[in-house]
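Q: 3D model of this:
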Amino acid sequence: MENKSVLIAKLLKLRDNEQLSFGKISKMLNVPESTLRDWYYGTTRGDNSTQKKDSVGYIQTNKSEHIKYSQEDIYEFIQNLAPIVYPAPLQTITHKSTTNTALVIGDMHFGQEDWPTLNIFLETVNQLKPSQIILNGDTLDMFAVSRYPKDIRHLVSLRNEREQFHKFLYLLHEVADGDAQIFETNSNHSGDGHEGRWWKFLSLRLGELSDLPEIKEKLSYESIFYPPEEWSRIKLVDYVEILPGFVVMHGDVVRKHGGYSARGLLEKWFSSIIANHTHRVGMTSQRIPSLGKRHEKLITVYENGCACNLKPLYASAANWQNSFCIVNYDDEQVGVEQVLIENNKANICTLGVSIKG
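A: Just a heads-up that it's a prediction; the model follows:
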């Protein structure tokens, strides 16, 4: 019997060139048809080889294709497996500029304040030295003059609220930069606004006397609740406009979950806002596409949590979060970090530190 390599060469010639069936080739070569098929398709019984060669040195990879691999082919194959080498990257060209910083905290509700949150805020002021500090409403709780029922077992005193407020302001003035502006916004608990508790309480008791200019001046919120001007520079305002179209205000929309109230404010004002009032943390954003001469614009509204006790006398299992905002801004754009306090601790990305109150 002829040797195997000769038989395989004949098989390939008869099968590929003359298109004979395996049955006919089997009779011609006197080799079982199954063996011919194994040789032809590359698996021989009792042999681990998975490839076969014909008499001219070709390797057959399927029933109709022969590929001859030269040394050049093998070298090129190996070269293609070599690691990809990139030249050293060019330094990316960026433009950096100094930004201004503002810190926004609200809903302290002095009398029900949370001092760990306030201490973290004060340390952040100390490290950042912001140009603006905004106390975003409900600074004092004014529970003593509210319409809600009181529990005589617990002290609710305007005097105590004012003392705690002054203590905080004194510490704030100590750590803040001497040129920093300090604002408080009018709100539904504190301030001189018509929605605030103070003037609602006075108006019910003073009647027509509250119309006298002298009464308004002597009993104003600033006159009664602000520290002496010798050391205090806090100013009461309705809102603070950090940039055109970006406003810090107390807010007057309340919906069930964090972020829902932010969406309500966006749809009400169509402006970027940092608001308190809900005691929750959330954010919503909407892109306004360009159209005609109108430029593309991004509107973002933040809910800024609170800085009060999460278990106050007048609420049970409240869905509130302790938080404040760090705002970086230049002449064109605003960036906001919402600092969330949990277990009296905050990780502050702007500073790259953790602070425990």
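Q: Kindly report the domain assignment for this structure.
A: Under the assignment automatic domain parsing, the domains of the chain span 4-80, 100-356.
Q: Just send those domains back as JSON lines, with mean pLDDT too.
A: Output for the domains of the chain, formatted as JSON lines (pLDDT from 0 to 100):
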{"stretch": "domain 4-80", "mean pLDDT": "68"}
{"stretch": "domain 100-356", "mean pLDDT": "93"}
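Q: Now do the helices in the stretch 151-300 of the chain.
A: 158-175, 197-206, 213-218, 221-225, 260-269 (DSSP state H, counting those that start in this stretch).
Q: These: which one's closest to Leu20?
A: When the helices of the stretch 151-300 of the chain are compared by CB to CB, helix 260-269 sits nearest Leu20, at 78.4 Å. Every residue, glycine included, has its C-beta placed from N, CA and C.
Q: in the closest one, what counts as buried?
A: Tyr260, Ser261, Ala262, Arg263, Gly264, Leu265, Leu266, Trp269 (16 or more other CB atoms under 10 Å).
Q: and what of stretch 245-265?
A: Buried, per 16+ other CB under 10 Å, within stretch 245-265: 246-251, 253, 255, 258-265.
Q: Which member of the residues you listed is positioned nearest Gly335?
A: Phe246 (10.7 Å).
Q: tell me the contacts of that closest one?
A: Ser271, Ser272, Ile273, Tyr329, Val334 (CB atoms under 8 Å, 6 or more residues apart in numbering).
Q: Give me whichever of the helices of the stretch 151-300 of the chain is most buried.
A: Mean neighbour count, computed with mean count of other CB atoms under 10 Å, is highest for helix 260-269 among the helices of the stretch 151-300 of the chain, reaching a mean of 19.
Q: Need the max-distance pair from the contacts of Phe246.
A: Pairwise over the contacts of Phe246, using CB to CB, the maximum falls at Ser271 and Tyr329, 14.9 Å.
Q: Leaving aside the residues adjacent along the chain, what's closest to Glu241?
A: Val247 (5.2 Å; CB to CB, 6 or more residues apart in numbering).
Q: cool, Trp231 as well?
A: The shortest distance from Trp231 to any non-neighbouring residue, by CB to CB, 6+ apart, is to His173 (6.2 Å).
Q: ok, the residue nearest to Leu236 when sequence neighbours are not counted to Ser354 distance?
A: For Leu236, ignoring the flanking residues on the chain, the nearest one in space by CB to CB, 6+ apart is Glu184 at 5.3 Å. Using CB to CB, to the nearest Å, Glu184 is found at 29 Å from Ser354.
Q: These two: which has the busier surroundings?
A: Glu184 (29 against 10; other CB atoms under 10 Å).
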